[in-house]
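J.: what shape does this take:
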Amino acid sequence: MKCYRVFFAVWVVVASLSAADLPALWAERLKCVVAVEFFTETEVDRRPNVVFGVVVDTQGTIILPAAAIDSRVVPAQLKEFKVYRPSDPASAAGVYLGQDALTGWHFVRVEERLRPLFIPITQFVASGNAAEPSLAEEVWGIALRGKDEDFTPYFLQSRVALIQSLPQRTGIAQHEVAGPGLPVFNRDGSFVGLALSSFGQTFLQFSRADRGGSPTMLINVEESSVFHLTGEVLPYLSRVPQNEFGRPLAWLGAYGFEPMDREVATFLKLEAQSGAVVSEVLEGSPAEKAGMQARDIVLEINGRALPRFKPDRVVVSFVEREVERRVPGAPLSLTVLRGTERVDVKVTLGDEPKLMREAARRYFERLGFTAREFVYGDAISRRLKVADTAGIVAHFVKGNSPVSVAGLRMDDWIKEIDGVEPKSFAEAVEKLAAIQADAARTEFVLLVGRAGETAVLRVKLK
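T.: Next up, the predicted model:
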């Protein structure tokens, strides 16, 4: 009984001290979070966006979650970045630095005058390391209200319900613990994770008219119960892109990985590890040059067996990340199973071909669409030989415009303009610009490809 009383007294003191310290911890940790406002300018409108992020260094570098910016938006359409501190209506200018391919983070840097007011998130790492929280451990985090409330911060708290490799080490709390992109801390105020977009939760919805009920998925877009653990955050804070497009980007060129079937793994006596099956080896890629083949099963990377993941599909992200964490020119050794034979494939990673977000674009107001340069990824998605491709792609089609009425759709491949096959983007732009400038012109013709089919569209301008 005496020992129990001593233990209880000590627990009460520790608990009360932690509770008393929490306001001070909260005040300090607010100095690492920000709200970022920016505008997206498309062909037809200008939309405001507000997202939340974390300051990661003394240079005022901020990381925003991958979902903060639409993947179809190009850097040139991002305008007027402003950075706000919680509860402060004043803002400072920010500059967009680009997106990192490995983490998906978007990097922004705030102007110098505001930097001394922030504390980098790295200052809140316990004893310079990144210890994992334990199951059932109490964690808490920060969320922010909207701009109309001056981004007022509020407190969230939960306990760790599950830790899983997806393939990044990921904590899942019992309920929402922080806003997406904002930090999670343990009871002592040590940084233990960075919140992601929340997982959807499926509910059965019942009514008197529908007694069977129907499933409904609810997603909280303002708060999250899911967070990457600190060990998956700290090593990558310095991956600031060298340009707005996130380059340099390493390229393997093995396409469409699928997890190895469990029955196949059992037959091959590979139950203790994962495998990734190559669906296709891309034309002209480093994988093709190294002799990789479709249906190869990747078992090892640089001599290390692929870890066993649950669910099996997580192995695909693991292999992709192993490429993305490297740079063009880096060597990569893959051990693959080809039939019943193990084969070592030595690859020198290449530089990723021009991405769709890097492709040249031109908007034609009178015609009603944005023409985009045809790039390597377009050929792959259409299963075409890269050397045989020409033309342009309809990146955006304005509703009720002449081309829209004629039947043009986003992502259509425009093969010919008035019967002429453009050999380059510049040639296509020149042809379309001449049509747009000709006030007497009443119509023109496009030959387009869509889902393997070809159609002729007669576009009426008057």
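J.: going forward, measure contacts between C-alpha atoms and count neighbours the same way
T.: Noted.
J.: and the nearest residue to Phe257 once chain neighbours are set aside, how many residues sit next to it?
T.: Of all residues not flanking Phe257 in the chain, Val278 sits nearest, at 4.9 Å (CA to CA, 6 or more residues apart in numbering). Val278 has 22 neighbours, counted by other CA atoms under 10 Å.
J.: quick one: Val278 and Glu288 touch, right?
T.: No - because the distance of 11.8 Å does not satisfy CA atoms under 8 Å, Val278 is recorded as not touching Glu288.
J.: shared neighbours of those two, anything?
T.: Overlap of the contact sets of Val278 and Glu288 (by CA atoms under 8 Å, 6 or more residues apart in numbering) consists of Ala254.
J.: what does the strand or helix carrying Thr40 contact?
T.: For Thr40, the enclosing helix or strand under DSSP states H and E is strand 33-41. The contact list for strand 33-41 (CA under 8 Å, 6+ apart) reads 46-55, 73, 77-86, 151, 182-183.
J.: state the mean pLDDT of the lengthiest strand in the chain.
T.: Selection of the longest strand in the chain by residue count, based on DSSP state E, yields strand 153-165. Confidence for strand 153-165, expressed as mean pLDDT, is 95.
J.: quick one: distance of that strand to the chain centre.
T.: On the basis of CA atoms, centre = their mean, to the nearest Å, the separation between the geometric centre of strand 153-165 and that of its chain is 22 Å.
J.: what strands flank it, and is each parallel or antiparallel?
T.: For strand 153-165, the paired strands and their directions (DSSP bridges) are strand 138-144 (antiparallel), strand 169-173 (antiparallel).
J.: okay, the angle between the first one and strand 33-41?
T.: This means strand 138-144. Here strand 138-144 runs at an angle of 40 degrees relative to strand 33-41 (axes from the mean of the first three to the mean of the last three CA atoms, to 10 degrees).
J.: distance between strand 138-144 and the chain's centre?
T.: What separates the centre of strand 138-144 from the centre of its chain is 23 Å, taken as CA atoms, centre = their mean.
J.: let me know the average pLDDT across it.
T.: Average pLDDT, strand 138-144: 97.
J.: swap in stretch 70-84?
T.: Per-residue pLDDT over stretch 70-84 has a mean of 93.
J.: what residues of that stretch count as buried?
T.: Taking 16 or more other CA atoms under 10 Å as the basis for neighbour counts, the residues of stretch 70-84 that come out buried are Val74, Pro75, Leu78, Lys79, Phe81, Lys82, Val83, Tyr84.
J.: closest one of those residues to Ala68?
T.: If you rank those by distance to Ala68 using CA to CA, Leu78 comes first, at 11.7 Å.
J.: cross the buried residues of stretch 70-84 against strands and list the overlap.
T.: Checking the buried residues of stretch 70-84 against DSSP E, those in strands are Leu78, Lys79, Phe81, Lys82, Val83, Tyr84.
J.: the first one: what's its closest spatial neighbour, skipping adjacent residues?
T.: Think Leu78. Take Leu78 and drop its neighbours on the chain: the residue closest to it by CA to CA, 6+ apart is Thr40, 4.9 Å away.
J.: look up how far Phe396 lies from that neighbour.
T.: Shown here: Thr40 relative to Phe396, a distance of 15 Å by CA to CA, to the nearest Å.
J.: most widely separated two among the ones in strands among the buried residues of stretch 70-84?
T.: Farthest apart among these by CA to CA are Leu78 and Tyr84. That separation is 17.4 Å.
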